[in-house]
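S.K.: model this:
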Amino acid sequence: MKLSVTQQLLKEARWALALTVFYIVGWVGFGYFSPVGKGMLGFPIWFEFACIYFPLLFIFITFTVVKVVYKEMDLEVDDES
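M.R.: Numbering: from 1, shown residues only. Predicted coordinates for the structure are as follows:
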């Protein structure tokens, strides 16, 4: 199914907003609601989750979304009139 340029841009904007909300909720969740203790790397576990593991997961998710959802398109309008 081929979407119009406007529909594709709207779809990409929604995905960008969803990824942003997901990252903020995940970061706050891991940062403030993680158990107390030390992680595998010796840092506090909240720091490892919020600042090491979750960003790595988010990079993978973002890479996948960019490859699957985002499409290359020409935004230049040929003004032939």
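
S.K.: C-alpha from now on. contacts and neighbour counts both.
M.R.: Will do.

S.K.: From the chain's centroid, how far away is stretch 63-79?
M.R.: Relative to its chain's centre, stretch 63-79 lies at 17 Å (Cα atoms, centre = their mean, to the nearest Å).

S.K.: Ok, stretch 37-55 next?
M.R.: 20 Å.

S.K.: Equivalent analysis for stretch 15-35, please.
M.R.: 10 Å.

S.K.: repeat for stretch 2-13
M.R.: Using Cα atoms, centre = their mean, the offset of stretch 2-13 from its chain centre is 18 Å.

S.K.: same question, stretch 57-75
M.R.: Worked out by Cα atoms, centre = their mean, stretch 57-75 lies 9 Å from the chain centre.

S.K.: That one: which residues count as buried?
M.R.: The neighbour-count criterion (16 or more other Cα atoms under 10 Å) identifies no buried residues in stretch 57-75.

S.K.: tell me the average confidence for that stretch?
M.R.: Averaged over stretch 57-75, pLDDT sits at 91.
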